[in-house]
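[1] fold the following, please.
(chains A, B and C)
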Amino acid sequence: MSTITRHHSDARLSRAVVHNGVVYLAGTTADNRAASSKGQTEEILGKIDALLKLSGSSKSRLLSAVVYVADMRVKPGMDEAWMAWVDAKNPPARATVETRLGTPDTLVEIMVTAAQ
Amino acid sequence: MSTITRHHSDARLSRAVVHNGVVYLAGTTADNRAASSKGQTEEILGKIDALLKLSGSSKSRLLSAVVYVADMRVKPGMDEAWMAWVDAKNPPARATVETRLGTPDTLVEIMVTAAQ
Amino acid sequence: MSTITRHHSDARLSRAVVHNGVVYLAGTTADNRAASSKGQTEEILGKIDALLKLSGSSKSRLLSAVVYVADMRVKPGMDEAWMAWVDAKNPPARATVETRLGTPDTLVEIMVTAAQ
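    Presented below is the predicted three-dimensional model:
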């Protein structure tokens, strides 16, 4: 049976799961929800960097991303942080959609997959 | 060409698709939509168990999950059923977001991937 | 390190990413947003055909799809175009949820994965 490695698990979810060379991250949000959408995205992307490193991957190996924004009006702020961060030669397939998130002040949540 | 196996297909979608050791399930909802979010989630998770078994996998092999809830206020009920069900040593990467679903009384829809 | 191939990339995202025999497409929307949901879906599916071909895949090799509709009332129009297009013997695992999309007149967005 193929190996599955899980990181930062609690009784509900794992922050990162690795299987067959592919890394699946949980939906990631910011702790500082007083921040702007740009600030929240910067915090999220920092967390994603750390989880990808822990999983033997990096932002240059992203495969896909779904970005959930609480309001399409915060998309420009999210995108500003995203474009400053993403490896411009190796961006993932991405979709951005508007949904309500875990708390009213959660403006952005990002879920990615990456190759090891 | 690599093999793809599909289960419970109709002209629109397959309930489960298996490729290269990974199982992709369709978004799963409850038939008894008079049930609470906890009850709907219990029914959904039973369906997921059956589809994973049919696909040569199990809940202990989950990789990722996206949980769509019709209202964040039903998330606690969903989570109660989820935590009673999930293998606490092997939980998937998960995101939960609020979206409208197929009918007004559909409170929860869950889409997962798993390893065989 | 395993190879990742990216197609139609800009500084933000790639329209298609291929890794280990799996193709990940970005969320795809229609350019003609004056069209009905059926018309927008037809345009989207044409774009998906082209991206899958470029990636060494086809609609008969779809693994999973998430369909975002701006309003559940446009789902029948989307489904009409979908069912005329999908390989009825080889449909993917699919979920359809209602979210706001990039612009108010964007009625449908579809994100798929496929096997090469």
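[2] so which residue of chain A comes closest to chain C?
    Residue nearest to chain C within chain A (Cβ to the nearest Cβ): A:Ala95, separated by 2.6 Å. All C-beta spots, glycine's among them, are computed from the backbone N, C-alpha and C.
[3] next, the contact list for the nearest residue to that residue once chain neighbours are set aside, please.
    The shortest distance from A:Ala95 to any non-neighbouring residue, by Cβ to Cβ, 6 or more residues apart in numbering or on different chains, is to C:Gly27 (2.6 Å). Contact analysis of C:Gly27 by Cβ atoms under 8 Å, 6 or more residues apart in numbering or on different chains lists A:Val66, A:Arg94, A:Ala95, A:Thr96, A:Val97, C:Tyr68, C:Glu109, C:Ile110, C:Met111.
[4] next one: A:Met1, what pLDDT does it get?
    At A:Met1, the model reports a pLDDT of 81.
[5] in chain A, where's the longest helix?
    helix A:37-54 (DSSP state H).
[6] that one close to chain B?
    No - using Cβ under 8 Å from any Cβ of the partner chain, helix A:37-54 never reaches chain B; the gap is at least 9.4 Å.
[7] which other residues reach that helix?
    Residues contacting helix A:37-54 (Cβ under 8 Å, 6+ apart): A:7-8, A:15-16, A:23, A:25, A:28-33, A:35, A:58-59, A:61, A:69, A:74-75, A:77-78, A:80-82, A:85, A:106-110, A:112, A:114.
[8] make it 6 Å
    When contacts are defined by Cβ atoms under 6 Å, 6 or more residues apart in numbering or on different chains, helix A:37-54 is touched by residues A:7, A:15-16, A:25, A:28, A:30, A:32, A:58, A:74, A:77-78, A:80-81, A:85, A:107-108, A:110, A:114.
[9] restricting to C-alpha, output it in CSV.
    Extracted in CSV, the C-alpha atoms of helix A:37-54 (Å, rounded to 0.1, in the frame of the first residue of the first chain):
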residue,chain,number,x,y,z
SER,A,37,-7.0,41.3,2.5
LYS,A,38,-3.4,42.0,1.4
GLY,A,39,-2.1,41.5,4.9
GLN,A,40,-4.2,38.4,5.5
THR,A,41,-2.9,36.9,2.2
GLU,A,42,0.7,37.7,3.1
GLU,A,43,0.2,35.8,6.4
ILE,A,44,-1.5,32.9,4.6
LEU,A,45,1.3,32.7,2.0
GLY,A,46,3.9,32.6,4.8
LYS,A,47,2.1,29.6,6.4
ILE,A,48,1.9,27.9,3.0
ASP,A,49,5.6,28.4,2.5
ALA,A,50,6.3,26.7,5.8
LEU,A,51,3.9,23.8,5.2
LEU,A,52,5.3,23.2,1.7
LYS,A,53,8.9,23.2,3.1
LEU,A,54,7.8,20.7,5.8
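[10] in that helix, what counts as buried?
    A:37-45, A:47-48, A:51-52 (16 or more other Cβ atoms under 10 Å in any protein chain shown).
[11] please apply the same query to stretch A:84-100.
    A:85-86, A:90-100.
[12] distance across that stretch, terminal residue to terminal residue?
    25 Å (Cα to Cα, to the nearest Å).
[13] what mean pLDDT does that stretch have?
    97.
[14] stretch A:31-45 now?
    98.
[15] just the terminal-to-terminal distance for it.
    End-to-end span of stretch A:31-45 (Cα to Cα): 12 Å.
[16] how about stretch A:4-17?
    Using Cα to Cα, the end-to-end distance of stretch A:4-17 comes to 7 Å.
[17] just stretch A:78-93 next, same as before
    Stretch A:78-93 end-to-end distance (Cα to Cα) = 16 Å.
[18] name the residues that touch that stretch?
    So stretch A:78-93 is contacted by A:37-38, A:41-42, A:45, A:59-60, A:62-65, A:69, A:108, C:9, C:11-14, C:17, C:24-26 (Cβ under 6 Å, 6+ apart).
[19] what about it, distance to the chain center?
    The chain centre lies 12 Å from the centre of stretch A:78-93; the measure is Cα atoms, centre = their mean, to the nearest Å.
[20] do you have the helices of chain A handy? List them.
    A:37-54, A:75-85.
[21] let's have these in TSV, adding distance to A:Ser2.
    Shown next, in TSV, are the helices of chain A (distance: least, Cβ to Cβ, whole Å):
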stretch	distance to A:Ser2
helix A:37-54	20
helix A:75-85	31
